[in-house]
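Trainee: Could you look at this predicted model? Sequence included:
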Amino acid sequence: MRKTLAVSSVLIGLTIGLAAPAQAAGYDGICTGSDALTGTTIVVDFQELDGNGGTAAPTITRCSPNANPGTDRTGVKALQDAGIPVAGTTRWGLGFVCRLNVRPSSTENIPVTGNPTYKEACFNTPPAAAYWGYWHADGAGSTWTYSSYGALNRNVIPGGFEGWSFSLNKSASTNPVPGVTPTNPAVNANNPTIGLSINDLDRKITLGQTTSLTWTSTNATSVSASSVSPASGGGSWTGALATPGGTQNVTPTATGVYTYIISATGNGVTVYTSATLTVQ
């Protein structure tokens, strides 16, 4: 099933033909160790593409570490950090996932109902009967959720899972979930969560204006404004904050793009998130 994003007129499974960066530090399996609660596990299930045309495509499960814990990453960035090659369509730019790990290839027949020799050129949007479905999970349970946002328009969940599952001749109710249970043993339902938002819809203000940052948390015994990057010009953002949530004004003193990082601690675990503001 594919859905249209009202906020940006892009489509589910958003990305473009960009190879994963060479410096990607992904590794096989779910995220463990220091990456367990900061990285995101990527699952790519080729479904009927496995063995299609005689080419094996076993399910990929890889950790996508976050080199800068506390900063947000999109679904596209997480794929790239995991070291999984991504290709999109010519028409949409960073618009629609067309190939993952070079599948489907441009030469293989995809047996779409009514067109058994269909080949994916990745020029336009792939057909509704043969495309990469996009799923996610928070790591605390065992259930996948079909994403209502594209991979460029949602941030991955630290400690969670990103799933890509090829859907061939399926309907909205039969789209296959990735064939890996999205459970992260390090994620505890009692662990803290933290969210941060900037109270300007486009996250942009003019120099001299004041905006506000609003945070919410669960299971947190303390919340802290960790830092702002760059360290100068973004206004005051440091020190203890109210739990479980609140709002604080910031008045930047220079133009630029500023990332505000917030942390929450509870149950012996500290988690981070961030929000970005552009000052013009």
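Mentor: Received, thanks.

Trainee: Now residue 81, what are its backbone angles?
Mentor: With angles defined as degrees, to the nearest 10, residue 81 sits at phi -70, psi -30.

Trainee: Which residue comes closest to it once chain neighbours are left out?
Mentor: Excluding the flanking residues, the one nearest residue 81 by Cβ to Cβ, 6 or more residues apart in numbering is residue 64, at 4.5 Å. All C-beta spots, glycine's among them, are computed from the backbone N, C-alpha and C.

Trainee: residues near residue 183, how many?
Mentor: Residue 183 has 15 neighbours, counted by other Cβ atoms under 10 Å.

Trainee: Does it touch residue 144 like I think?
Mentor: No: if you go by Cβ atoms under 8 Å, residue 183 and residue 144 don't touch, sitting 11.0 Å apart.

Trainee: And the chain, split by domain according to the record?
Mentor: The chain breaks down by automatic domain parsing into domains covering 27-168, 193-279.

Trainee: ranking these by burial, who's on top?
Mentor: domain 27-168 (a mean of 19; mean count of other Cβ atoms under 10 Å).

Trainee: chain center to that one: distance?
Mentor: Remark: domain 27-168 is offset 10 Å from the chain centroid, using Cα atoms, centre = their mean, to the nearest Å.

Trainee: Find the residue ranges of this structure scoring beneath the pLDDT cut-off.
Mentor: 1-24, 93-95, 201 (pLDDT under 70).

Trainee: which residues of it fall in helices?
Mentor: Counting by DSSP state H, the chain has helices at residues 75-82.

Trainee: For it, list the residue farthest from the centre, please.
Mentor: residue 114 (34.0 Å; Cα atoms, centre = their mean).

Trainee: now that residue: how far from residue 130?
Mentor: Per Cβ to Cβ, to the nearest Å, residue 114 is found 11 Å from residue 130.

Trainee: Repeat that for residue 251.
Mentor: According to Cβ to Cβ, residue 251 and residue 130 sit 51 Å apart.

Trainee: do the same with residue 231
Mentor: 49 Å.

Trainee: ditto for residue 108
Mentor: Applying Cβ to Cβ to residue 108 and residue 130 gives a distance of 11 Å.

Trainee: ok, residues contacting stretch 216-229?
Mentor: 70, 190-195, 215, 234-235, 237-245, 248, 258-267, 272 (Cβ atoms under 8 Å, 6 or more residues apart in numbering).

Trainee: Show me those residues that map onto strands.
Mentor: Among those, DSSP state E puts 193-195, 215, 239-241, 245, 248, 258-266, 272 in strands.
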